[in-house]
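Participant: requesting a structural model of the entry that follows:
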Amino acid sequence: MPRKPNNSCGRVVDGNLPDYNVGKCIDNVITPAKLTNIQNYFPWVGLEDFHYYHVKCPFSTEAKLHYAKDMDRNSPTYFEPINVGNSVVDHTSTSGIMIRFSRGSKHGWLCVDPNCPYYKGTASGVTTVGIPYFYI
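Facilitator: Numbering: from 1, shown residues only. Have a look, this model is predicted:
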C-alpha cells in the first residue's frame with residue numbers, strides 16, 4: 001500500500017489497516033545526494049518510487065535473507081531459491097530498498113542501486129551487465 005505523499009514521516013498510513021506503517025522515514029534514507037546518484041543510472045526513478053513497503057534486495061548487506069531465484073535456464077536449480085550470500089555488498093544509494101515495478105504483466109520489485117552486484121554483473125552466476133535485479 002503506497003504512502004500518501006502528504007503523510008509526514010513516522011505517521012500512520014491511512015487505509016484498510018489503520019496501524020500499517022512503512023517503517024523508516026524514506027526521506028531520511030534516500031537523501032538528495034543518493035537520489036542524484038541513482039538518477040545518474042536510472043533517470044526515471046524519483047523519491048516517490050520508494051514510498052512503498054520496504055522490500056530489500058537479496059544482494060544487499062541490509063537484507064536479512066540472501067536468497068534469489070536461479071535465472072540460468074541451463075542450471076539444474078533453475079527458478080529455485082539459491083543463497084547469494086557470497087555476492088552481497090552495501091547498497092550505498094538505496095540502503096537495499098527496492099522500488100515497486102512492473103515488467104509488462106509481471107509486477108514485483110526492482111533494485112535500482114548502482115552498486116548492486118547483480119546490476120554490475122559481478123554477482124555469482126550473473127553474466128549480464130546493466131540489468132537491474134527484479135523480484136516477483
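Participant: find the nearest non-adjacent residue to the residue nearest the centre of the chain, please.
Facilitator: Nearest to the geometric centre of the chain sits Met98, at 1.6 Å (Cα atoms, centre = their mean). Distances taken as Cβ to Cβ, 6 or more residues apart in numbering place Trp109 nearest to Met98, at 4.0 Å, with adjacent residues excluded. In short, each C-beta sits where N, CA and C put it, glycine included.
Participant: who does that neighbour bridge with?
Facilitator: Going by DSSP bridges, Trp109 is paired in beta bridges with Arg100, Tyr135.
Participant: wait, isn't it in contact with Ile97?
Facilitator: No: using Cβ atoms under 8 Å, Trp109 makes no contact with Ile97, being 9.2 Å away.
Participant: show me whatever sits in contact with both of those two.
Facilitator: Val55 (Cβ atoms under 8 Å, 6 or more residues apart in numbering).
Participant: ok, those two, which is more surrounded?
Facilitator: Ile97 (27 against 19; other Cβ atoms under 10 Å).
Participant: contacts only, for the more buried one.
Facilitator: 26, 29-30, 50, 54-57, 62, 91.
Participant: so how far is Asn74 from it?
Facilitator: 32 Å (Cβ to Cβ, to the nearest Å).
Participant: any weak-confidence spans in this structure?
Facilitator: Where the chain drops to pLDDT under 70, the residues are 1-24.
Participant: so in it, which helix runs the longest?
Facilitator: helix 32-41 (DSSP state H).
Participant: who's in contact with that one?
Facilitator: Under the criterion Cβ under 8 Å, 6+ apart, residues 30, 45-47, 92-94, 112-114, 119 lie in contact with helix 32-41.
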